[in-house]
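> Dropping a prediction and its sequence here:
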Amino acid sequence: MRQSRFAMVLALALPLTLGSSAVLGQQTPIRIGIVYSFSGAGGTAGKEFNDVLAVFQKQHGDTIAGRKVEIISRDDGGIAPDNAKRLAQELIVQEHVDLIGGLIFTPNAVAVGTVSTQAKMPVFIMNATTSNIMAKNPYMSRYSMTATQVTVPLAKYAYKSGMRNMYVVFMDYGPGIDSGQTFENTFTAEGGKIAGEIRVPVLATDFSAYLQRVKDAHPDGLYVFLNASGSGTTFLKQAQSQGFDKSGIKIFCSGDLLTEQVLPAIGDAAVGVISSMNYSGTHDSKMNRDFIKAVEAQSGGLPPTFGGVGVYDTLTAMYKVIEAQKGQIDPDKTMELVKTLKFESPRGPIAIDPDTRDIIQNVYIRRTEFKGGKLVDTEIDTYPMMKDPSEHS
């Protein structure tokens with residue numbers, strides 16, 4: 001009787017033992033959730049994300065500490081905070097992801113922030129450029145830039161280059177307001193004057209009336225912020241058609257208007273425009289040249305933009321914090337490691353500010369010009385290792 005009872009217990013225990021050994025021999029995958037604009041106002045961002053992801057994993061592999069890395073992507077469709085929030089919740093609850101990355105647009109990032117905080121889910125922002133997004137969300141960090149961070153140097157450069165009277169035009173939403181007001185405040189602090197301000201609706205496509213108001217004010221220069229939705233092409237072409245290139249009004253802008261992928265479509269309307277950005281395709285480093293070559297080979301010739309660099313660096317940050325934990329991901333340990341990150345990027349050196357979990361990086365002043373038969377953004381000045389000034393005021 002005892003023998004038969006022992007045999008029964010052993011028979012029940014054996015599958016459990018074998019199952020445990022199988023689990024130990026083949027660990028569960030690391031699951032990274034992505035909430036990104038693969039369609040809608042994101043334009044070609046979805047293709048660039050997939051191209052850069054493919055390049056990154058060719059270079060760095062798709063396993064960390066013996067665990068396979070699974071990327072689970074969800075399309076928020078553009079500026080759609082409710083949708084982004086729902087997708088983040090689904091990734092956490094249904095897909096059991098370890099980390100989340102993505103978020104092109106600020107309203108989406110703000111909505112996902114509440115989910116991140118409640119679930120203690122580390123979220124790595126790839127774009128979304130409004131300042132202070134992370135202030136109330138301790139499990140978020142950013143690998144792109146802020147509008148304020150890249151605007152302060154441009155306003156200072158505009159004054160240094162001889163501008164004394166500037167008109168300001170910006171999109172009427174988070175990053176646009178940050179950018180426009182930062183330019184005004186910085187430029188006037190330098191000693192300049194603001195001739196006027198126009199807030200443009202996010203979905204505007206006809207800028208001719210706004211441009212005429214600027215011309216009528218006869219400023220030295222115009223500062224404009226439009227996001228990466230593609231409306232910058234229309235704006236600069238309309239400025240050219242209204243004679244801005246002959247009026248003596250110098251155009252300064254955020255680099256969103258002049259990405260490497262849209263420059264051919266803008267054509268000579270972009271020549272001479274001064275912009276500020278955290279990245280330029282002409283940045284002179286071996287890492288950047290290798291990055292461009294790899295992405296163009298993957299994409300069929302499309303060059304990477306600042307958005308693609310944000311994807312690449314976010315993946316680098318994720319891999320680094322996972323490797324440091326030997327594949328065992330703890331949310332609090334992850335965020336402590338995030339605060340120590342420093343590494344070389346195709347854009348130049350970057351680091352994460354331990355006080356704000358925001359990025360510290362070079363900001364480049366660029367002039368758009370023809371070189372080698374194509375339009376490029378040539379770096380003409382550098383403001384090294386800039387923090388977001390609004391987060392340290």
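Perfect, I can see it now.

> pull the CA atoms of stretch 293-302 into PDB?
Extracted in PDB, the C-alpha atoms of stretch 293-302 (Å, rounded to 0.1, in the frame of the first residue of the first chain):
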ATOM      1  CA  LYS A 293      24.600  54.000 -44.200                       C
ATOM      2  CA  ALA A 294      22.900  51.100 -42.300                       C
ATOM      3  CA  VAL A 295      19.500  52.800 -42.200                       C
ATOM      4  CA  GLU A 296      19.600  53.800 -45.900                       C
ATOM      5  CA  ALA A 297      20.500  50.200 -46.800                       C
ATOM      6  CA  GLN A 298      17.500  49.000 -44.700                       C
ATOM      7  CA  SER A 299      15.000  51.600 -45.900                       C
ATOM      8  CA  GLY A 300      15.700  51.600 -49.600                       C
ATOM      9  CA  GLY A 301      17.500  54.900 -49.500                       C
ATOM     10  CA  LEU A 302      15.500  57.000 -47.100                       C
END
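
> got the contact list for it?
With CB atoms under 8 Å, 6 or more residues apart in numbering as the test, stretch 293-302 has contacts from 44, 47-48, 51-52, 54-55, 58-59, 261, 303-304, 308. Yep, even glycine has a C-beta here, placed from its N, CA and C like the rest.

> can you pull out the helices in the stretch 1-150 of the chain?
2-25, 45-60, 81-93, 106-119, 147-160 (DSSP state H, counting those that start in this stretch).

> how much space between the spatially closest residue to I125 that is not a sequence neighbour and G301?
Spatial nearest neighbour of I125, chain neighbours left out: R142 (4.2 Å); criterion: CB to CB, 6 or more residues apart in numbering. As judged by CB to CB, to the nearest Å, R142 and G301 stand 30 Å apart.

> out of those two, which sits in the more crowded spot?
R142 (28 against 8; other CB atoms under 10 Å).

> Could you list every helix and strand in contact with the helix or strand harbouring R367?
If you go by DSSP states H and E, R367 is part of strand 359-371. Here strand 359-371 touches helix 147-160, strand 274-277, strand 348-352, strand 374-386, going by 3 or more CB pairs under 8 Å, 6 or more residues apart in numbering; DSSP states H and E.

> Try it again at 10 Å.
helix 147-160, strand 250-254, strand 274-277, helix 306-324, strand 342-345, strand 348-352, strand 374-386 (3 or more CB pairs under 10 Å, 6 or more residues apart in numbering; DSSP states H and E).

> Would you mind putting the CA coordinates of it into CSV?
The C-alpha trace of strand 359-371 is given here as CSV (Å, rounded to 0.1, in the frame of the first residue of the first chain):
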residue,chain,number,x,y,z
ILE,A,359,18.0,64.1,-21.9
ILE,A,360,21.2,66.2,-21.8
GLN,A,361,22.7,66.7,-25.3
ASN,A,362,24.3,69.0,-27.8
VAL,A,363,22.0,71.4,-29.7
TYR,A,364,23.2,72.3,-33.2
ILE,A,365,22.5,75.5,-35.1
ARG,A,366,22.1,74.5,-38.8
ARG,A,367,21.9,76.4,-42.1
THR,A,368,20.2,74.6,-45.0
GLU,A,369,22.2,74.7,-48.2
PHE,A,370,23.0,72.8,-51.3
LYS,A,371,26.1,70.6,-51.0
